[in-house]
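> fold the following, please.
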Amino acid sequence: MLDNRLTLSESQINYYRENGFVQVDNIISAEELAELREYLGEVMGVEGGNSVQTSKKGNAYFNVLNQRVNTWRDHGGMARFVLSRRFADAARQLTGADGIRLFHDHALFKMPQDSKPTPWHQDWPYWPMNESGAMSIWIALDDVDENNGCMMFVPKSQKIKNLKHVDLVEPHDIFSDEGASGMDRNQAVIVRMKAGSCTFHDGLTFHYAHANQTDNPRRALAIIYMPDGTTFSGASHTCTDGLNLVKDQPIRGGLFPKLA
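As a prediction, this is how the structure comes out:
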């Protein structure tokens with residue numbers, strides 16, 4: 001059951017807090033993995049729903065990521081995973097937050113053969129939040145390695161704040177940003193995983209994904225969580241535009257439920 005609480009070890013929690021990421025193997029069972037693959041395939045074909053396809057074939061961004069945001073709003077099966085207590089409570093344990101809210105999910109497909117690497121970046125600069133502390137779970141639906149788009153993380157880079165966001169199509173070198181001089185890409189950890197395993201990473205952790213050189217899509221589900229009480233910066237974002245959120249007030253409501 002996806003509502004079952006997963007108790008993380010003290011070493012996993014300490015590793016996350018020190019390094020800004022952690023790998024957790026077998027976060028879902030083989031049966032759950034088969035279900036999630038089916039649901040994700042179904043929701044990626046939705047037309048005119050409440051989820052958002054960020055780019056289409058032929059677009060340069062599509063070659064970096066074929067991405068669909070807020071799949072849970074269109075598919076009950078996806079909602080079962082995205083709103084899961086198991087994942088959210090693991091996020092609560094890692095961050096030490098009193099409560100965890102959903103910000104959004106996104107299905108992430110790296111398309112076969114013609115895909116491009118996802119350049120080094122931080123996630124938090126894209127999010128309309130005043131406070132740092134938000135984080136993501138990234139669940140592999142396929143075995144991942146350097147050949148099909150596995151992730152890399154720079155340990156301790158979550159301590160670097162106030163950097164510019166990176167354009168994923170025409171990226172600048174984040175390591176050249178003022179304030180990032182102490183970070184070394186050669187220290188990056190390559191995270192190879194079996195399907196059904198995951199990583200959690202802080203929104204400020206430097207990360208990268210290899211291109212997919214295989215003949216099949218590399219499928220993943222990411223879910224972004226934020227500590228309860230995180231406040232709205234007023235910046236534009238697909239998931240907050242048009243909701244009349246009040247600047248500097250907590251992000252909450254039906255689209256941002258408290259899950260743990």
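
> what packs against the helix or strand harbouring Y208?
Under the criterion of DSSP states H and E, Y208 resides in strand 207-209. With contacts defined as 3 or more C-beta pairs under 8 Å, 6 or more residues apart in numbering; DSSP states H and E, strand 207-209 has these neighbours: strand 118-121, strand 151-153. To be clear about C-beta, it is placed using only N, CA and C from the backbone, and glycine gets the same treatment.

> and the next helix or strand after it, what does it pack against?
Beyond strand 207-209 in the direction of the C-terminus, DSSP H and E gives the next helix or strand as strand 218-227. The elements that strand 218-227 packs onto, with contact taken as 3+ C-beta pairs under 8 Å, 6+ apart, are helix 30-43, helix 76-82, helix 85-95, strand 100-110, strand 135-140.

> next one: strand 218-227 to chain centre, how far?
3 Å (C-alpha atoms, centre = their mean, to the nearest Å).

> average pLDDT for that strand?
The average pLDDT for strand 218-227 rounds to 97.

> same question, stretch 38-50
Here the average pLDDT along stretch 38-50 is 87.

> chain center to it, what's the gap?
Relative to the centre of its chain, stretch 38-50 is centred 18 Å away, using C-alpha atoms, centre = their mean.

> what are the buried residues along it?
Y39, L40, V43, M44 (16 or more other C-beta atoms under 10 Å).

> please apply the same query to stretch 163-180.
L163, V166, L168, I174, D177, A180.

> then stretch 189-206?
The neighbour-count criterion (16+ other C-beta under 10 Å) identifies 191, 193, 195-206 as the buried residues of stretch 189-206.

> out of those residues, which comes closest to Q12?
Of all the buried residues of stretch 189-206, the one sitting nearest Q12 is F200; the distance, using C-beta to C-beta, is 9.0 Å.

> secondary structure element holding that closest one?
Using DSSP H and E, F200 sits within strand 198-202.

> and for S29, the neighbour number?
Using other C-beta atoms under 10 Å, S29 has 11 other residues around it.

> which residues touch it?
Taking C-beta atoms under 8 Å, 6 or more residues apart in numbering as the definition of contact, the neighbours of S29 are G196.

> which residues touch H75?
For H75, the contacting residues are Y39, E42, V43, V46, taking C-beta under 8 Å, 6+ apart as the criterion.

> quick revisit: wait, which of the buried residues of stretch 189-206 is closest to V82?
Using C-beta to C-beta, the shortest approach to V82 within those belongs to C198, at 13.4 Å.

> surely the closest one is in contact with V22?
No - because the distance of 9.4 Å does not satisfy C-beta atoms under 8 Å, C198 is recorded as not touching V22.

> what sits closest to R192 if chain neighbours are left out?
D145 (4.5 Å; C-beta to C-beta, 6 or more residues apart in numbering).

> since that was my last question, I'll sign off now.
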